[in-house]
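here you go, sequence then predicted model.
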There are 2 protein chains.
Amino acid sequence: MIQKLADKIKKTHAPICVGLDPMLSYIPDHILNKAFAEFGETLEGAAEAVWQYNKAIIDATYDLIPSVKPQIAMYEQYGTEGLKVFQKTVEYCHKKDLLVIGDVKRGDIGSTSAAYAAGHLGKVTVGNKTYAAFDEDFATVNPYLGTDGIKPFIDVCKEEKKGIFILVKTSNPSSGEFQDRLTDGRPLYEWVGEKVAEWAEEHMGETYSYIGAVVGATYPEMGKILRDIMPKSFILVPGYGAQGGKGKDLVHFFNEDGLGAVVNSSRGIIAAYKQEKYAAFGSENFADASRAAVTDMIKDIDGALNAAK
Amino acid sequence: MIQKLADKIKKTHAPICVGLDPMLSYIPDHILNKAFAEFGETLEGAAEAVWQYNKAIIDATYDLIPSVKPQIAMYEQYGTEGLKVFQKTVEYCHKKDLLVIGDVKRGDIGSTSAAYAAGHLGKVTVGNKTYAAFDEDFATVNPYLGTDGIKPFIDVCKEEKKGIFILVKTSNPSSGEFQDRLTDGRPLYEWVGEKVAEWAEEHMGETYSYIGAVVGATYPEMGKILRDIMPKSFILVPGYGAQGGKGKDLVHFFNEDGLGAVVNSSRGIIAAYKQEKYAAFGSENFADASRAAVTDMIKDIDGALNAAK
């Protein structure tokens, strides 16, 4: 799957993913009203609005991009109705040949991580049958519990040819509180990065490993160091756009082959129509605004990579 | 809610929670067969078996215990069908006046943690209405992202009078890999503990804070130190029984008032009928075996606490 991601990035010149993190406040009134008219102001109504919104954005952008990153929390907050739409979104993206990075940030003790890995990337056995419940291509994983929290995910990835991105240095303002603490002269995130590099070398696809890392666009200097520590890993880079990152700050997240990173933008793409820059599209044409924002993002990042050559 | 937990523990003499972490391999054949006969060997069939199994165990133990801790991964692996049963289990436990600790180990950047907090402990707004999706009383939270990943949970707890348990030192064998790393002479888990203590003092119930911690029964020496660091916090203690912890090892997780800790046992209770000690009950009477195992666990822990007085 990691090779498919690399191939699709080369083909599209778009080392990006669109963060499908819908909030009801982003969704235009015409979609909300229609969903509420059909299902009422209910969890089902909210989920239907999210689904119609996602579908329009996917339809308008899928040919430009290799991957999407739905944030499961935005669905989970609406309970099982929301999670049905998470699943439906994953399925629809697969139909459109998009790779799906489930931003689930799971991680637990061994047997529990095994259940998460089965549910999100693998299969569960029921009697003599097996089922893939959520069936993402990649998942994000939290490393706080150490190797035996990660290992079950790696095992499933190996079996199913899928991949994970392990949180190393997150994009949020207080990520340094624990992640930056110095041990033997090096911050914790570097030690986590060393561990990711070790796992990555043991679990290689064709040119890259299927064990990747998450490093926030908001910390480009740390990204440069972590790039060197984890040469075989793809880095999933959240924090572009709305959170502050820009294309020229991101070149050091990439290797010299122009690969090795996939930059995420969520609000900046899916709610583009709310920005002054794209306001002319109007809320009726929100998906066209998202397409324009994707094109601009690709130009910004691909341009910065070319300028750095 | 934390005061209700303290009151219920005093009343039952049972500072414990039953871990509702069902695996299909624990569930007796007569339940599996009935569920599969009705729904087939499907995700729905698996979910139905889990529900009937949970219900029987809750019915057989609810009068002895203050709380349960369902591990959401065990439900999530069966997709939305599994999560419907997670929700149904939470509701049923509320009817039985049991406090529910959702073992969800969520944690993300601010806006995403806010969605998790709303979905698990609070309410979401849909148009002019609000809904509680999963509605646990407490949730476990991962601290790797720092304050802005935790703060949205605290805000919801304050609003809804609920609580969280933050992972400090987990029970698994490799928890030390990152959690034990020394910074300025102290392991990371102590720094996380200091932070929990700080949050706890700012967010007090009557005698205890509604910001608690998770510390594994498998590390009693560390539990003693963390007890002192976080005097106002309840400690959720997984790893009793099947993972190796015993009552006498756990006395230092408690304060002198006999409160301040709630010890979890999952497999040791819910699959008690599979142990030699309770085998005489037979698989048909698995719930009675669970009741006997609860009684023994209470005796072990309450006895150890009395002996230590």
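Thanks, I have the structure now.

in the lengthiest helix in chain A, what counts as buried?
Taking residue count as the measure and DSSP state H as the definition, the longest helix of chain A comes out as helix A:286-307. Applying a neighbour-count criterion of 16 or more other C-beta atoms under 10 Å in any protein chain shown, one finds A:286-294, A:296-298, A:300-302, A:304-305 buried in helix A:286-307. Using the backbone N, CA and C atoms, a C-beta is placed for each residue, glycine as well.

repeat for stretch A:150-165
Residues of stretch A:150-165 classed as buried under the neighbour-count rule (16+ other C-beta under 10 Å) are A:150-154, A:156-157, A:160, A:162-165.

from the residues you listed, which land in helices?
Applying DSSP H to the buried residues of stretch A:150-165, the entries found in helices are A:150-154, A:156-157, A:160.

near chain B, which of those residues show up?
Of the residues in those, proximity to chain B by C-beta under 8 Å from any C-beta of the partner chain holds for none.

tell me which residues are up against the helix or strand bottoming out on mean pLDDT in chain A.
Counting by mean pLDDT, DSSP states H and E, chain A has its least confident helix or strand at strand A:182-183, which shows a mean of 92. Contacts to strand A:182-183, defined as C-beta atoms under 8 Å, 6 or more residues apart in numbering or on different chains, come from residues A:188, A:191, B:181-183, B:188.

so who does the most centrally placed residue in chain A touch?
To find the centre residue of chain A, average its C-alpha atoms and take the closest one (C-alpha atoms, centre = their mean): that gives residue A:69, at 3.4 Å. Applying C-beta under 8 Å, 6+ apart, we find residue A:69 in contact with A:17-20, A:100-103, A:236, A:238, A:264, A:266.

could I get those residues as CSV with distance to chain B and pLDDT?
As requested, those are arranged in CSV below (distance: C-beta to the nearest C-beta, whole Å; pLDDT from 0 to 100):
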residue, distance to chain B, pLDDT
A:17, 16, 97
A:18, 16, 98
A:19, 10, 98
A:20, 13, 98
A:100, 15, 98
A:101, 14, 98
A:102, 12, 98
A:103, 8, 98
A:236, 13, 98
A:238, 8, 95
A:264, 12, 97
A:266, 10, 96
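
next step: the residues you listed restricted to helices.
Using DSSP H to define helices, no part of the contacts of residue A:69 is located there.

okay, those residues in JSON lines with neighbour count next?
Formatted as JSON lines, these follow (neighbours: other C-beta atoms under 10 Å in any protein chain shown):
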{"residue": "A:17", "neighbour count": "29"}
{"residue": "A:18", "neighbour count": "30"}
{"residue": "A:19", "neighbour count": "24"}
{"residue": "A:20", "neighbour count": "26"}
{"residue": "A:100", "neighbour count": "24"}
{"residue": "A:101", "neighbour count": "28"}
{"residue": "A:102", "neighbour count": "26"}
{"residue": "A:103", "neighbour count": "28"}
{"residue": "A:236", "neighbour count": "28"}
{"residue": "A:238", "neighbour count": "28"}
{"residue": "A:264", "neighbour count": "28"}
{"residue": "A:266", "neighbour count": "28"}
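
flag the shaky bits of chain A, pLDDT-wise.
A:242-245 (pLDDT under 70).

where along it do the strands fall?
A:16-18, A:67-68, A:99-106, A:124-126, A:129-131, A:138-141, A:163-169, A:182-183, A:186-187, A:211-215, A:235-237, A:261-265 (DSSP state E).

tell me how many other residues crowd residue A:183.
Burial of residue A:183 is recorded as 17 neighbouring residues (other C-beta atoms under 10 Å in any protein chain shown).

what is it paired to in the beta sheet?
The residues listed as beta-bridge partners of residue A:183 by DSSP bridges are residue A:186.

can you tell me how far it is from residue A:146?
Using C-beta to C-beta, to the nearest Å, residue A:183 is found at 14 Å from residue A:146.

how far out from the middle of the chain is stretch A:54-72?
Centroid displacement of stretch A:54-72 relative to its chain, using C-alpha atoms, centre = their mean, to the nearest Å, is 11 Å.

hang on, the earlier thing: whichever of the contacts of strand A:182-183 end up buried, select them in ChimeraX.
When burial is assessed using 16+ other C-beta under 10 Å, the buried subset of the contacts of strand A:182-183 is captured in ChimeraX by this command:
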select /A:188,191 /B:181,183,188
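
nearest to residue A:32 among the contacts of strand A:182-183?
residue A:188 (42.7 Å; C-beta to C-beta).

I'd guessed the closest one sits against residue B:177; true?
No: Residue A:188 is not in contact with residue B:177 according to C-beta atoms under 8 Å; the separation is 10.9 Å.

list the contacts for residue A:200?
A:209, A:211-212, A:230, A:232-233.

go with 10 Å
Contacts of residue A:200 were listed using C-beta atoms under 10 Å, 6 or more residues apart in numbering or on different chains, and they are A:166, A:193, A:208-213, A:230-234.

same thing with residue A:61?
Residues counted as contacts of residue A:61 (C-beta under 10 Å, 6+ apart) are A:14, A:18, A:68, A:96, A:98, A:269-270, A:287-288, A:290-295.

which of these sits closest to residue A:226?
If you rank the contacts of residue A:61 by distance to residue A:226 using C-beta to C-beta, residue A:14 comes first, at 22.2 Å.
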